[in-house]
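Student: sequence first, then the predicted structure, then my questions.
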Amino acid sequence: MKISGLKCALALSCGLLAVSANAADLSKNAFADADHVVYSPARGAGRLVSKAAAQPLLNHGGPTITSAKVVFIFWGPSFSNAGSADQAYATTLQNFRNQFGTTGEFNVITQYSGIQLANLGSGTADMFDTTTPPTNVTDAIVQGEVNKYLSTHAFNSSTIYEVVIPSSSYSSSGSSTSCGGPSLSYCAYHGNFASGSNDVKYSIEPYPSCSGCQVAGWTAAQNQEHFVCHETREAVTDPDLNAWFDRRGNEADDKCAWTPSPFIGTGGYSYQYEWSNLTSSCVKTR
């Protein structure tokens, strides 16, 4: 569903499900999936994934980002602390981003509304904000951090501004929270907001510090690559929450989240399967 303009990724130990939100589309989802609801295994992600093959992505007429860029905003002093684990984590995410847009894993979404392979790292510079984020990073605070970046960098309408926070903080929207918060409801989400005349696309990438947002045996960076993959492709195919999603409100990555299992792919980085209308199935690459 689409409620209050927020796209969220819902996480359980059994799976992750991203849901669109807008009150006008409540009828699209028979489960009455609300913003940041935690699902039970019997009623949540697994049930929706099992029905995915019968539900192609539909073009609702909104724009896509045809030649996308991704800017990371690493918020917290640990990310710029030379030799620290968090600095290595940030560098790995940058390296993942810099190759992702030209991979077969990204190529799957070029079937939707003119999307092209692109150098996602070709935008304005990433920012390392060495101030300490609050423990509870609300959605309003995330948007404020993006606007802080835009106060010193040129805005680009094809850029997704992805805010990365350390394990000492968690994300929240209303009563729903990410890893580290009092009630795990999601691992990451993307959305958009108006800043003056600009339509700003963004995501929040909390640290995957809990089992509900982890793949057994993966490093923290690998788990985060998986979520950056998910949210970036969704922000490209449905940036304003009115483009490509199925009749239940699920975007392309929602339909294949956790089932099949995320995998190590191009460049040795981690990805998830992506929905393909061409094959009516979840695929690794195209």
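Tutor: Thanks, I have it.

Student: against Ser261, how distant is Ala160?
Tutor: Wrong residue type there; residue 160 is Ile, not Ala. Distance, Ile160 to Ser261, by CB to CB, to the nearest Å: 25 Å. C-beta coordinates here come from the backbone N, C-alpha and C atoms, glycine included.

Student: Ile115 too?
Tutor: 25 Å.

Student: just after the lengthiest helix in the chain, pick out the following helix or strand.
Tutor: Looking across the chain with DSSP state H, the single longest helix is helix 220-237. Downstream of helix 220-237, the first helix or strand assigned by DSSP states H and E is strand 244-245.

Student: name the strands paired with that following strand and say parallel or antiparallel.
Tutor: Using DSSP bridges, the neighbouring strands of strand 244-245 in the sheet come out as strand 58-59 (antiparallel).

Student: so after the partner strand, what's the next helix or strand?
Tutor: strand 69-75.

Student: to the chain's geometric centre, what's the distance from that following strand?
Tutor: The chain centre lies 13 Å from the centre of strand 69-75; the measure is CA atoms, centre = their mean, to the nearest Å.

Student: could you check the angle helix 220-237 makes with it?
Tutor: Between strand 69-75 and helix 220-237, the angle comes out at 130 degrees (axes from the mean of the first three to the mean of the last three CA atoms, to 10 degrees).

Student: tabulate the CA atom coordinates of strand 69-75 in CSV.
Tutor: Below are the C-alpha coordinates for strand 69-75, written out as CSV (Å, rounded to 0.1, in the frame of the first residue of the first chain):
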residue,chain,number,x,y,z
LYS,A,69,23.2,8.0,-9.5
VAL,A,70,23.6,7.2,-5.8
VAL,A,71,25.2,9.5,-3.2
PHE,A,72,26.0,8.1,0.2
ILE,A,73,25.7,10.3,3.3
PHE,A,74,27.7,8.5,6.0
TRP,A,75,26.6,10.0,9.2
